[in-house]
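Student: requesting a structural model of the entry that follows:
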Amino acid sequence: MFLNMADKSKAPVKNSSKYIKVYSQDEEIFNAVTHGVGAALSVLGLILMVVKSAAFGSTLYLASTAVFGISMVLLYTLSTLYHSIKQEKAKQVFKILDHSSIFLLIAGTYTPFTLLVLRGAWGWSIFGVVWGLAVTGIVIESIFINKLKFLTLILYLSMGWVVIVALRPLIRSMP
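Tutor: The predicted model follows:
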């Protein structure tokens, strides 16, 4: 089967004193190809957003949509590279970059909503909190590789739910 979930080759294995998940070759190829398609579509999306944003004439509009687009391109590109690389040490580095890019995409997704829709004190506050959590997550992911998974989960959830504190102003601000 192409993606055999019962395949024991994916079980964590001891590797240079770190546990890494091992995927089958078919899974790695599938992941690399699908994430590569995502990277290409993200580049296209980034170009379209930048062109459309430039037409509005607002530097903030252009910058915030570019941040979102770049975060998408980074996520899919780094994931493609992570799943494409076989050399062990390089793979470990790209695993950190791949997982760190999740924090970037979450923060990048918030950026247009906080700066263009929410705006003002609420917008800038949520923007600062989310990007602060993203930087914290990246530092934790980089220093404590796979050792503080519960904390990174809490950070992901916190980033996702932080908008609840400003939900009413966000709904009122939606076009």
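Student: where is the longest helix in the protein?
Tutor: For the chain, the helix that runs over the most residues, judged by DSSP state H, is helix 25-56.
Student: which other helices and strands does the next helix-or-strand element following it contact?
Tutor: Scanning forward in sequence from helix 25-56 by DSSP states H and E, the next helix or strand is helix 59-84. Judged by 3 or more CB pairs under 8 Å, 6 or more residues apart in numbering; DSSP states H and E, the packing partners of helix 59-84 are helix 25-56, helix 88-112. The way it works is simple: take the backbone N, C-alpha and C, and place the C-beta from them, glycine included.
Student: lowest-scoring secondary structure element of the protein by mean pLDDT?
Tutor: strand 13-15 (a mean of 41; mean pLDDT, DSSP states H and E).
Student: between the longest helix of the chain and helix 59-84, how many degrees?
Tutor: Relative orientation of helix 25-56 versus helix 59-84 (axes from the mean of the first three to the mean of the last three CA atoms, to 10 degrees): 170 degrees.
Student: give me the three-state assignment for residue 121.
Tutor: helix (DSSP: H, G, I helix; E, B strand; the rest coil).
Student: next up, the contacts around the residue most central in space within the chain.
Tutor: Centroid-nearest residue in the chain, with CA atoms, centre = their mean: residue 102, separated by 2.3 Å. By CB atoms under 8 Å, 6 or more residues apart in numbering, the residues touching residue 102 are 75, 156.
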